[in-house]
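[1] Quick one, fold the following:
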Amino acid sequence: MNSLINTNNGDCHEHHRRCVDPCPPQYCEFKSHEELHPIPGGALLEIGKGSSVLINAAIAPTITAATPRLIAQVTLDPTGFCFPNLKIEFSSLINLTGILGVGDSITIQLSRIRYGYSASSVKEPLQTYTISLPTLAAAINTASIPFSFIYGEENIRLRESTYLVEVVAASLLVADTGNVQIQNANIAALAVGGVRVD
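    Take a look at the predicted model:
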(Lines give C-alpha, C1' and ligand atoms only; values in the text may rest on other atoms or scores of the structure.)
Protein backbone atom coordinates (compact mmCIF):
# COMPACT_ATOMS: atom_id res chain seq x y z
CA MET A 1 0.00 0.00 0.00
CA ASN A 2 1.31 3.41 -0.90
CA SER A 3 2.37 5.45 2.14
CA LEU A 4 0.43 8.47 0.84
CA ILE A 5 -2.61 7.97 3.04
CA ASN A 6 -5.45 10.37 3.68
CA THR A 7 -4.58 12.05 6.95
CA ASN A 8 -7.65 14.26 6.93
CA ASN A 9 -10.30 11.68 7.80
CA GLY A 10 -9.12 8.18 8.54
CA ASP A 11 -12.66 6.72 8.69
CA CYS A 12 -13.56 7.60 5.09
CA HIS A 13 -11.97 4.86 2.99
CA GLU A 14 -15.10 3.10 1.67
CA HIS A 15 -15.89 3.67 -1.99
CA HIS A 16 -18.62 6.28 -2.69
CA ARG A 17 -18.95 7.15 1.00
CA ARG A 18 -19.54 10.80 1.90
CA CYS A 19 -17.25 12.04 4.65
CA VAL A 20 -18.55 14.13 7.50
CA ASP A 21 -15.32 16.11 7.33
CA PRO A 22 -15.65 18.99 4.80
CA CYS A 23 -12.45 17.86 3.09
CA PRO A 24 -12.68 14.64 1.05
CA PRO A 25 -9.72 12.22 1.05
CA GLN A 26 -6.62 13.55 -0.67
CA TYR A 27 -5.75 10.14 -2.11
CA CYS A 28 -7.91 7.17 -3.06
CA GLU A 29 -7.67 3.61 -4.35
CA PHE A 30 -8.83 3.33 -7.94
CA LYS A 31 -10.43 0.20 -9.35
CA SER A 32 -8.03 -2.70 -10.04
CA HIS A 33 -5.21 -0.92 -8.20
CA GLU A 34 -3.96 -1.44 -4.68
CA GLU A 35 -1.96 1.75 -4.39
CA LEU A 36 -3.36 5.17 -3.54
CA HIS A 37 -3.23 7.98 -6.08
CA PRO A 38 -3.88 11.75 -5.92
CA ILE A 39 -7.48 12.78 -6.55
CA PRO A 40 -7.79 15.57 -9.18
CA GLY A 41 -9.17 18.77 -7.71
CA GLY A 42 -10.38 22.21 -8.66
CA ALA A 43 -8.23 25.19 -9.50
CA LEU A 44 -8.32 28.92 -8.84
CA LEU A 45 -6.21 31.30 -10.95
CA GLU A 46 -5.77 34.98 -10.14
CA ILE A 47 -3.92 37.49 -12.33
CA GLY A 48 -2.32 40.41 -10.51
CA LYS A 49 -1.16 43.88 -11.43
CA GLY A 50 2.33 45.13 -12.17
CA SER A 51 3.86 48.59 -12.16
CA SER A 52 7.01 50.26 -13.45
CA VAL A 53 9.74 50.95 -10.86
CA LEU A 54 12.58 53.42 -11.47
CA ILE A 55 15.83 53.25 -9.46
CA ASN A 56 18.86 55.52 -9.66
CA ALA A 57 21.70 56.59 -7.38
CA ALA A 58 19.52 59.19 -5.62
CA ILE A 59 16.60 56.80 -5.02
CA ALA A 60 18.62 53.70 -4.07
CA PRO A 61 19.47 54.72 -0.46
CA THR A 62 15.77 55.26 0.31
CA ILE A 63 14.84 51.67 -0.58
CA THR A 64 14.78 49.33 2.42
CA ALA A 65 12.69 46.41 3.67
CA ALA A 66 10.65 48.96 5.64
CA THR A 67 10.24 51.26 2.62
CA PRO A 68 10.21 48.96 -0.44
CA ARG A 69 9.16 49.75 -4.00
CA LEU A 70 6.19 47.66 -5.15
CA ILE A 71 6.62 45.91 -8.51
CA ALA A 72 3.56 43.65 -8.61
CA GLN A 73 0.89 42.08 -6.41
CA VAL A 74 -1.87 39.50 -6.59
CA THR A 75 -4.53 38.35 -4.10
CA LEU A 76 -5.62 34.72 -3.80
CA ASP A 77 -8.26 33.18 -1.51
CA PRO A 78 -7.84 29.35 -1.24
CA THR A 79 -10.30 29.04 1.68
CA GLY A 80 -12.62 26.85 -0.38
CA PHE A 81 -9.95 24.22 -1.08
CA CYS A 82 -8.69 21.20 0.84
CA PHE A 83 -4.96 20.43 0.75
CA PRO A 84 -4.30 23.16 -1.85
CA ASN A 85 -0.96 23.48 -3.60
CA LEU A 86 0.18 27.00 -4.43
CA LYS A 87 2.11 28.39 -7.38
CA ILE A 88 3.22 32.01 -7.81
CA GLU A 89 4.67 32.98 -11.19
CA PHE A 90 6.35 36.32 -11.87
CA SER A 91 8.11 37.81 -14.89
CA SER A 92 9.57 41.20 -15.71
CA LEU A 93 12.18 43.05 -17.75
CA ILE A 94 14.94 45.11 -16.08
CA ASN A 95 16.09 47.89 -18.42
CA LEU A 96 19.42 49.62 -17.78
CA THR A 97 20.49 52.94 -19.29
CA GLY A 98 23.44 55.28 -18.77
CA ILE A 99 26.49 54.76 -16.56
CA LEU A 100 26.35 51.98 -13.94
CA GLY A 101 29.35 50.92 -11.91
CA VAL A 102 30.96 47.67 -10.81
CA GLY A 103 29.12 45.93 -8.00
CA ASP A 104 25.71 47.55 -8.53
CA SER A 105 22.83 45.30 -7.52
CA ILE A 106 19.17 45.22 -6.55
CA THR A 107 17.34 42.84 -4.22
CA ILE A 108 13.80 41.71 -5.01
CA GLN A 109 11.63 39.94 -2.46
CA LEU A 110 8.42 37.91 -2.64
CA SER A 111 6.26 38.37 0.47
CA ARG A 112 2.83 37.31 1.63
CA ILE A 113 0.28 39.30 3.62
CA ARG A 114 -2.13 36.97 5.43
CA TYR A 115 -5.59 38.13 6.41
CA GLY A 116 -8.08 36.84 8.94
CA TYR A 117 -5.69 35.57 11.61
CA SER A 118 -5.56 38.59 13.90
CA ALA A 119 -6.66 42.20 14.18
CA SER A 120 -3.67 43.20 12.04
CA SER A 121 -2.39 41.54 8.88
CA VAL A 122 0.87 39.61 8.94
CA LYS A 123 3.54 40.13 6.26
CA GLU A 124 6.03 37.32 5.85
CA PRO A 125 9.01 37.14 3.44
CA LEU A 126 8.93 34.03 1.25
CA GLN A 127 11.86 34.32 -1.15
CA THR A 128 14.63 36.84 -1.83
CA TYR A 129 16.60 37.35 -5.06
CA THR A 130 19.73 39.51 -5.43
CA ILE A 131 20.49 40.57 -9.00
CA SER A 132 23.98 41.75 -9.93
CA LEU A 133 23.78 44.43 -12.62
CA PRO A 134 26.23 44.61 -15.53
CA THR A 135 28.62 47.54 -15.75
CA LEU A 136 27.72 50.24 -18.28
CA ALA A 137 30.64 52.58 -18.95
CA ALA A 138 29.04 55.14 -21.28
CA ALA A 139 25.94 57.32 -21.04
CA ILE A 140 24.65 55.96 -24.36
CA ASN A 141 24.85 52.31 -23.25
CA THR A 142 21.73 50.26 -22.66
CA ALA A 143 21.02 46.71 -21.56
CA SER A 144 18.03 44.56 -20.67
CA ILE A 145 17.81 41.68 -18.20
CA PRO A 146 14.78 39.37 -18.12
CA PHE A 147 13.93 38.42 -14.54
CA SER A 148 11.36 35.80 -13.55
CA PHE A 149 10.72 33.18 -10.90
CA ILE A 150 8.28 30.48 -9.83
CA TYR A 151 7.48 29.91 -6.16
CA GLY A 152 5.49 26.94 -4.86
CA GLU A 153 4.11 25.47 -1.64
CA GLU A 154 2.27 22.21 -0.91
CA ASN A 155 -0.73 21.67 1.37
CA ILE A 156 -1.02 25.30 2.40
CA ARG A 157 -3.44 26.22 5.19
CA LEU A 158 -4.27 29.82 4.36
CA ARG A 159 -7.21 32.11 3.92
CA GLU A 160 -7.17 35.14 1.63
CA SER A 161 -3.61 36.37 1.11
CA THR A 162 -1.88 38.99 -1.01
CA TYR A 163 1.47 38.19 -2.62
CA LEU A 164 3.83 41.11 -3.18
CA VAL A 165 6.97 41.43 -5.31
CA GLU A 166 9.03 44.39 -4.13
CA VAL A 167 12.48 45.93 -4.41
CA VAL A 168 13.74 45.84 -0.81
CA ALA A 169 17.34 46.98 -1.39
CA ALA A 170 19.41 48.70 -4.07
CA SER A 171 23.14 49.30 -4.17
CA LEU A 172 24.26 51.86 -6.75
CA LEU A 173 27.45 53.92 -6.70
CA VAL A 174 27.01 57.60 -5.94
CA ALA A 175 28.85 58.41 -9.17
CA ASP A 176 26.37 56.41 -11.25
CA THR A 177 24.28 58.55 -13.57
CA GLY A 178 22.29 55.70 -15.08
CA ASN A 179 18.82 54.34 -14.39
CA VAL A 180 17.47 50.92 -13.54
CA GLN A 181 13.84 50.49 -14.56
CA ILE A 182 11.74 47.37 -13.91
CA GLN A 183 8.99 47.10 -16.53
CA ASN A 184 6.52 44.65 -18.07
CA ALA A 185 5.88 43.06 -14.68
CA ASN A 186 3.34 40.23 -14.59
CA ILE A 187 2.27 38.07 -11.65
CA ALA A 188 -0.18 35.19 -11.33
CA ALA A 189 -1.25 32.98 -8.43
CA LEU A 190 -2.65 29.46 -8.83
CA ALA A 191 -4.19 27.23 -6.16
CA VAL A 192 -5.11 23.61 -6.93
CA GLY A 193 -6.79 21.29 -4.46
CA GLY A 194 -9.87 19.32 -3.46
CA VAL A 195 -13.07 21.34 -3.14
CA ARG A 196 -14.65 21.59 0.30
CA VAL A 197 -18.14 20.09 0.57
CA ASP A 198 -19.43 21.99 3.62
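
[2] Count the neighbours of the closest residue to Thr177 other than its chain neighbours for me.
    Counting by Cβ to Cβ, 6 or more residues apart in numbering, Thr177 lies nearest to Ile99, which is 4.8 Å off, once chain neighbours are set aside. All C-beta spots, glycine's among them, are computed from the backbone N, C-alpha and C. Here the number of neighbours of Ile99 (other Cβ atoms under 10 Å) works out to 18.

[3] Return the residues in contact with Ile99.
    Contact analysis of Ile99 by Cβ atoms under 8 Å, 6 or more residues apart in numbering lists Leu136, Ala137, Ala138, Ala139, Asn141, Ala175, Asp176, Thr177, Gly178.

[4] Geometric centre of this structure: which residue is closest?
    Ile88 (3.7 Å; Cα atoms, centre = their mean).

[5] Surely Asn179 touches Asn56?
    Yes: with contact defined as Cβ atoms under 8 Å, Asn179 reaches Asn56; the gap is 5.0 Å.

[6] Now do the SS call for Phe147.
    Classification of Phe147 by DSSP: H, G, I helix; E, B strand; the rest coil places it in strand.

[7] In contact with it: list those residues for me.
    By Cβ under 8 Å, 6+ apart, Phe147 lies in contact with Ser91, Ser92, Leu93, Ile94, Ile108, Tyr129, Ile131, Ile182.

[8] my guess is the residue nearest to the centre of the chain meets Leu110, correct?
    Yes: counting by Cβ under 8 Å, Leu110 is a contact partner of Ile88 at 6.7 Å.

[9] What sits closest to Ile55 if chain neighbours are left out?
    Closest residue in space to Ile55, ignoring its immediate chain neighbours: Val180 at 4.3 Å, by Cβ to Cβ, 6+ apart.

[10] same question, Tyr27
    Tyr27's closest residue in space is Leu36 (Cβ to Cβ, 6+ apart), at 4.0 Å.

[11] so that neighbour bridges to which residues?
    Leu36 has these beta-bridge partners by DSSP bridges: Glu29.

[12] again, but for Val74
    Tyr163.

[13] what number of residues lie near it?
    Neighbour count of Val74, defined by other Cβ under 10 Å: 23.

[14] mind checking how far the residue nearest to Ile55 is from Gly50?
    Computed as Cβ to Cβ, to the nearest Å, the Val180 to Gly50 distance reads 16 Å.

[15] Which strands or helices does the helix or strand harbouring Lys123 pack on?
    Per DSSP states H and E, Lys123 falls inside strand 122-132. For strand 122-132, the packing partners by 3 or more Cβ pairs under 8 Å, 6 or more residues apart in numbering; DSSP states H and E come out as strand 105-114, strand 142-153, strand 161-171.
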